[in-house]
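Asks: need a structure here:
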Amino acid sequence: MNPIVAAAMAGLVADKDEGDMLVRLRDRLTGLGVRAELRENNSALMVHPAEPGLPVWVFVGYGGAYYSWQNAERRHPTSDPEGAANILAEYMAR
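Replies: Okay, the predicted model is just below:
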């Protein structure tokens, strides 16, 4: 396979994996009663506060190792979407 095509395909797989991680987080948040919606291409998750206010954008970063929000000042391992959902739910309830 052409090296350029191989690199592009590897990027598509990584993007899909990160999108799947955000889908798992969204599902956990929804189960906790927190409204969260994915961007069209599953590149980010917008989490809405319970009260009127600004949403928080969540991304997968650090090579797929962490969910991050608040300019990456807050993060949680992607291997624990349930824990990340609990932390985000608490954070959004403030």
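
Asks: quick one: pLDDT of the residue nearest in space to the middle of the chain?
Replies: Taking CA atoms, centre = their mean, the centroid of the chain lies closest to Leu22, which sits 3.7 Å from it. pLDDT recorded at Leu22 is 97.

Asks: residue contacts, Asp20?
Replies: For Asp20, the contact set (CB atoms under 8 Å, 6 or more residues apart in numbering) comprises Asn42. (Each C-beta comes from the backbone N, C-alpha and C, glycine too.)

Asks: is it located within a helix, as I assumed?
Replies: Yes. Using DSSP: H, G, I helix; E, B strand; the rest coil, the secondary structure at Asp20 is a helix.

Asks: how far does the lengthiest strand in the chain sit from the chain's center?
Replies: For the chain, the strand with the greatest residue count under DSSP state E is strand 56-61. Relative to the centre of its chain, strand 56-61 is centred 5 Å away, using CA atoms, centre = their mean, to the nearest Å.
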